[in-house]
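*Asks:* Here you go, sequence then predicted model.
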Amino acid sequence: MTLDRPVISEGDGPNAAVATITRTPVTTGSLDVDLESTDTSELTLPARVTIPPDIASVEVPVESMEDEVVDGDQVVVVRVYPLAENSEVRLQEGTPAQITVTDNDVPTLYLTVEQSLVAEDLDPATTATVTRNTPVDAALPVQLASSDPSEVMVPTDVTIPAGQVSVTFPVATVNDQQPDGEQSVTLTARAPGYLEGEATLTVTDIDLPDLVISQIMAPTFVDAEAWFPIGYRVENQGRSMAGTNWLTRVFLSRDEVVGDDTLVGQFTFSGSIPEGDYFEQTLQARAPLSVGSYWVVIVTDAADEVSESLETNNVTVSTTPIEVVAAYDAVVETPVEVAPAGTVIPLQGWAFASSGGPAQNQLVNIHILVRGTRRVISALTDEDGDFSTTWTPLANEAGSYGISCGTSWLGGSAGAGCLHTPRHEGGSGGAAAGSGGRFAAHVNSRTAQPRRSAAFRIDGGSARETS
């Protein structure tokens with residue numbers, strides 16, 4: 001591993017540097033290589049690259065991460081691990097590279113309010129939190145101010161204690177005895193040597209409701225394609241009764257950004273909510289087939305049936321994602337170790353659910369890999385979780401083949417776990433027909449850290465190859 005520069009800034013972004021991965025000697029086969037950063041909060045790069053056949057090296061972009069924390073310059077080591085052929089086994093670590101990521105952050109205060117719409121004449125009407133991005137070895141006095149003390153009042157100062165990054169304080173609203181509708185007020189936090197923080201809230205004397213998703217409840221882990229509960233709380237933070245028959249929609253998103261999301265459920269609320277009150281709802285959603293992280297996005301009053309004080313706070317995204325994991329693990333094997341060209345290869349195995357029992361009536365994908373080419377065939381499990389099928393190679397096809405099940409390690413959309421740790425049962429050495437030996441593989445679906453595939457070889461005259 002080499003890098004085209006020794007120093008980058010954390011603000012340089014997705015193309016902060018270029019990493020070159022070189023192998024010696026160059027071979028006629030491709031080579032998969034795992035890449036790792038020792039500090040992903042400062043620097044990231046692709047998790048895996050492939051060096052094509054007859055090629056010595058490849059280049060990949062290196063991305064610096066903007067962490068918004070004043071933590072000084074950081075030294076990051078980028079490590080490189082070649083993988084065994086047709087395998088997930090890491091061989092001896094290659095030569096790593098080192099780079100310095102300089103800190104471009106300045107001391108800054110951040111200010112947030114718990115509730116963006118508040119009524120007049122409340123003490124407290126809501127709370128606010130001031131946060132620092134600097135080391136916490138000493139206490140930090142902070143001055144507070146309101147842009148309109150006739151509407152909103154805050155303490156003149158607060159102190160962030162030593163050992164803490166933030167402190168919370170009350171926010172009070174004033175009855176100004178004037179019918180002035182909605183008033184926007186800016187709160188400010190200041191400290192010497194820091195960029196000031198600001199937050200805006202709206203004070204209203206208009207008697208309208210304001211519907212907000214104040215809580216989202218969802219499990220941390222869900223099996224692929226399994227049904228699971230999503231709960232939420234709709235709260236009326238306005239000044240009057242929220243009407244009836246409005247629509248709330250629930251989505252799953254592959255990121256924390258609203259838009260291009262998948263609708264998994266919706267509910268029409270036929271009651272009403274008094275001011276300051278709420279209702280909670282739980283619906284059943286089906287997890288996606290593709291494993292990965294999914295955020296819950298909930299939109300209340302989705303069709304704008306309710307006239308509200310604020311129409312911009314009806315959408316909430318969960319703070320943490322749901323991890324959709326493989327619904328079952330599986331094992332695939334073949335009694336064939338070496339066979340002549342044209343041989344029909346029998347494949348059999350079994351699948352077991354994450355709960356421990358057999359994975360019944362599940363479609364298992366079997367992957368056959370040779371010289372960088374991957375083919376996928378499928379088999380259906382029976383009531384005991386067992387499956388079997390055959391694969392016929394093309395005419396005159398030959399080579400050394402790896403086999404595995406599932407696709408979560410391939411970036412695909414599988415409900416099955418990966419099968420990669422070889423296991424030899426009975427006999428000695430490779431499993432030959434009639435020897436009673438067999439190769440198989442499996443990996444825990446929650447960690448999805450594959451290691452090695454089972455393998456066999458097809459010989460074909462002049463096309464004969466060895467593994």
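*Replies:* Perfect, thanks for sending it.

*Asks:* what about the strands in the stretch 251-400 of the chain?
*Replies:* Using DSSP state E, counting those that start in this stretch, the strands of the stretch 251-400 of the chain run over 262-269, 278-286, 292-299, 315-317, 322-325, 328-333, 338-340, 345-353, 363-370, 373-380, 386-391, 399-405.

*Asks:* Lowest mean pLDDT among the helices and strands, pick that one out for the chain.
*Replies:* Using mean pLDDT, DSSP states H and E, strand 423-424 stands out as the lowest-scoring helix or strand of the chain, at a mean of 29.

*Asks:* Quick check: beta-bridge partners of Ser166?
*Replies:* Note on Ser166: beta-bridge partners Thr131, judged by DSSP bridges.

*Asks:* swap in Leu195?
*Replies:* With DSSP bridges applied, Leu195 shows beta-bridge pairing to Thr108.

*Asks:* For Ser41, see how far away it is.
*Replies:* According to Cβ to Cβ, to the nearest Å, Leu195 stands 21 Å off from Ser41. Bear in mind the C-beta positions are built from the backbone N, C-alpha and C, glycine included.

*Asks:* circling back: of the strands of the stretch 251-400 of the chain, which is nearest Val106?
*Replies:* Among those, strand 315-317 comes nearest to Val106, with 28.4 Å by Cβ to Cβ.

*Asks:* Would you list the strands that that closest one pairs with, along with their directions?
*Replies:* Here strand 315-317 is paired, per DSSP bridges, with strand 292-299 (antiparallel).

*Asks:* Go ahead and flag the most central residue of the protein.
*Replies:* Residue closest to the mean C-alpha point of the chain, counted by Cα atoms, centre = their mean, is Ser293 at 3.7 Å.

*Asks:* any idea what sits nearest it, other than its immediate chain neighbours?
*Replies:* Leaving aside its sequence neighbours, Ser293 sits nearest to Pro321 (Cβ to Cβ, 6 or more residues apart in numbering; 3.9 Å).

*Asks:* what's the answer for Leu83, then?
*Replies:* Of all residues not flanking Leu83 in the chain, Asp32 sits nearest, at 4.4 Å (Cβ to Cβ, 6+ apart).

*Asks:* What residues sit buried inside the host helix or strand of that neighbour?
*Replies:* Assigned by DSSP states H and E, Asp32 belongs to strand 31-37. Buried residues in strand 31-37, defined by neighbour count with 16 or more other Cβ atoms under 10 Å: 31-35, 37.

*Asks:* Could you do stretch 12-28 as well?
*Replies:* Buried residues in stretch 12-28, counted by 16+ other Cβ under 10 Å: 12, 16-17, 19, 21-23.

*Asks:* Between the two ends of that stretch, how far is it?
*Replies:* Taking Cα to Cα, to the nearest Å, stretch 12-28 runs 37 Å from one end to the other.

*Asks:* which residues are in contact with it?
*Replies:* Identification of contacts with stretch 12-28 by Cβ atoms under 8 Å, 6 or more residues apart in numbering yields 1-5, 8-9, 31, 33, 35, 43, 45, 49, 51, 53-64, 66, 78, 80, 82, 94, 97, 99.

*Asks:* cool, and stretch 156-163?
*Replies:* 130, 132, 136-144, 166-167, 169.

*Asks:* For ChimeraX, write the select line for the buried members of the contacts of stretch 12-28.
*Replies:* Buried residues within the contacts of stretch 12-28, by 16+ other Cβ under 10 Å, are selected in ChimeraX with:
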select :1,3,8,31,33,35,43,45,49,51,58,60,62,63,64,78,80,82,94,97,99
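
*Asks:* Which strand residues bridge Ile99?
*Replies:* Per DSSP bridges, the residues bridged to Ile99 are Val76.

*Asks:* doesn't Ser64 make contact with it?
*Replies:* No - counting by Cβ atoms under 8 Å, Ile99 sits too far from Ser64 to count as a contact (9.1 Å).

*Asks:* what is in contact with those two at once?
*Replies:* Common contacts of Ile99 and Ser64 (Cβ under 8 Å, 6+ apart): 8, 17, 43.
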